[in-house]
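Mind folding the following:
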Amino acid sequence: MQTYLTTEQLASRIHYDTRTIRDRLKDSVLLEGIHYIRPFGGRKLLFVWEAIERDIGSASARQAPLIPMANGAVAHG
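Residues are numbered from 1 along each chain as shown. Down below sits the predicted model:
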């Protein structure tokens, strides 16, 4: 079972402005069919909370600097 959220509900959960979600996050990090759907082919968006919760930290983790260590490992900086 999935939890569907409106833009306003998602904004409240992740502490972002609704405009930021629509203008900056949608289609850059939130992908249609994975993180949101358009029910019945309409304009309204419903966000899939479980997918967003699963992926919310992955973008920042990929951008975090890695510091090489002498033993061959890396430190996450």
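
In this structure Ile67 contacts Val74, no?
Yes. If you go by CB atoms under 8 Å, Ile67 and Val74 touch, sitting 6.3 Å apart. In short, each C-beta sits where N, CA and C put it, glycine included.

Helices of this protein, residue ranges please.
For the chain, the helices defined by DSSP state H occupy 7-14, 18-20, 49-55, 58-63.

so for the last one, what's the average pLDDT?
This points to helix 58-63. Mean per-residue pLDDT for helix 58-63: 62.

what's the closest of the helices of the chain to Gly41?
Proximity to Gly41 (CB to CB) singles out helix 7-14 among the helices of the chain, at 17.7 Å.

And that closest one, what does it pack against?
Where contact means 3 or more CB pairs under 8 Å, 6 or more residues apart in numbering; DSSP states H and E, helix 7-14 is packed against helix 18-20, strand 46-48, helix 49-55.

Could you identify which of those is most buried?
When you average the neighbours per residue for each of the helices and strands packed on helix 7-14 (mean count of other CB atoms under 10 Å), strand 46-48 leads with a mean of 20.

Sheet partners, orientation included, of that one?
strand 4-5 (antiparallel), strand 36-37 (antiparallel) (DSSP bridges).

deepest of these, which one?
By mean count of other CB under 10 Å, these have strand 36-37 as the most buried, with a mean of 19.

just how off-centre is that strand within its chain?
Distance, stretch centre to chain centre, for strand 36-37: 12 Å (CA atoms, centre = their mean, to the nearest Å).
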